[in-house]
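# Below are the sequence and a predicted model; questions follow.
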Amino acid sequence: MKVVFFDQLGCYAAVVAAAYMAGIIGENPQTTEIIKLDTFAAHHDWSPGNLNYIGRNSQNEELYTLGIGKRGSLIAASAQDLCKIMAGYEEIKIIDVSAYNSPIIKIAAYLKLNRMLQRTAVFIAAYFLKKRMPQIVRKVRY
Amino acid sequence: MKLIYNCYGGSHSSVTSAAIHLGLLPDQRTATKEELLKVPYYDAQVAQDHGRIRFLGYDENGHEVYVVGRMNLGAGYEKIIRSLVVVLEGRQEDIALVDTMPYVNIFMMIGGYLSRRLGFSRVGRSIIIFGTKLSYHRFVRLVKSVKARFPSRPEKYL
């Protein structure tokens, strides 16, 4: 079984959720811990489809993040059908955490593409994702 | 091999192309209104069906033919699907995504919007059928190029 975390760019809430599940960060991480995550805010454009491997969880399941743009439910449906079509291959579980990227995080993602504002943008995104951590933890656990 | 024809709504251009591919619609002449309406999923998908990969049948070479509505994801959809194939540890060459949107004309867009989005299926459907007939030979050309690209069933399936 593999677990794929979805969000718009695959590098904000998805990375935090996957890192929590992999035990890389705890339930109450510091902003700096989030910033230090390898693939956090690692986007260079707006294109979806970026896949990143985060690690393994306690059940030895591989954890990935994937950027899916603004069409979470559409991709979730396609992913389910793709699993059926590719029967015999690996099984995947999909967790869409797009909803935890608040408008401020989306603005930060936009600002991150500006070289001058990169650091500030990453800090803002990490800070507001830290605030969302209890909800992310709930989503990942259940 | 899995051939996935995709367009905005997964209702018209992808379904028409897939049906031509499978021989459900003729490739020597333009299909009639009745023939088009008989094709499964033609002008039948709703918003909730977007993203659902529907199986339409096997072609003469044993390839599986599917249709899907991917809305405005464009090339990003293929990138996402290919990333999921990586996760599934599948073979990239087992899947081909065929975008039918470049062959869609303005009548199909207007008709599709009226029929599928606004629910005016009577008016919308006649406009779509007119548009589909107008672009029909282009769908036939597309299907022929797809068939030329993926001619026969790979040996591993035999």
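Perfect, thanks for sending it.

# Could you pick out the residues of chain A near chain B for me?
A:2, A:4, A:47-51, A:64, A:66-69, A:71, A:73-79, A:81-83, A:85-86, A:89-90, A:92 (CB under 8 Å from any CB of the partner chain). In this view, the C-beta of every residue, glycine as well, is placed from N, C-alpha and C.

# The residues you listed, buried ones only, as a ChimeraX selection?
Applied in ChimeraX, the following selects the buried portion of these according to 16 or more other CB atoms under 10 Å in any protein chain shown:
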select /A:2,4,48,49,50,51,64,66,67,68,69,71,74,75,76,77,78,79,81,82,83,85,86,89,92
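
# Restricted to helices, list the residues of chain A next to chain B.
Members of the residues of chain A next to chain B lying in helices (criterion: DSSP state H): A:73-79, A:81-83, A:85.

# Nearest to chain A: which residue in chain B?
B:K79 (2.9 Å; CB to the nearest CB).

# pLDDT weak spots in the chain?
Chain wasn't specified; assuming chain A. For chain A, no stretch has pLDDT under 70.

# Let me rephrase: I mean chain B.
In the predicted model of chain B, residues B:153-158 satisfy pLDDT under 70.

# for it, what spans make up the helices?
Residue ranges of the helices in chain B, as given by DSSP H, are B:13-22, B:33-38, B:75-87, B:106-112, B:121-149.

# who touches the fourth one?
The reference is to helix B:106-112. With CB atoms under 8 Å, 6 or more residues apart in numbering or on different chains as the test, helix B:106-112 has contacts from B:8-9, B:11-13, B:43, B:124-132, B:134-135.

# Any buried residues in it, and which?
For helix B:106-112, burial by neighbour count (16+ other CB under 10 Å) applies to B:107-109, B:111-112.

# Equivalent analysis for the last one, please.
Neighbour-count burial for helix B:121-149 flags B:124-125, B:127-129, B:131-133, B:135-136, B:138-140, B:142-143, B:146-147 (criterion: 16+ other CB under 10 Å).

# Could you find the closest non-adjacent residue to A:A125?
Among residues not flanking A:A125 along the chain, A:A108 sits closest, at 4.0 Å (CB to CB, 6 or more residues apart in numbering or on different chains).

# Provide the secondary structure category for the one you found.
For A:A108, the assignment made with DSSP: H, G, I helix; E, B strand; the rest coil gives helix.

# Next, count neighbours for it.
24 (other CB atoms under 10 Å in any protein chain shown).

# check contacts around it.
So A:A108 contacts A:41, A:121-122, A:124-125, A:128 (CB under 8 Å, 6+ apart).
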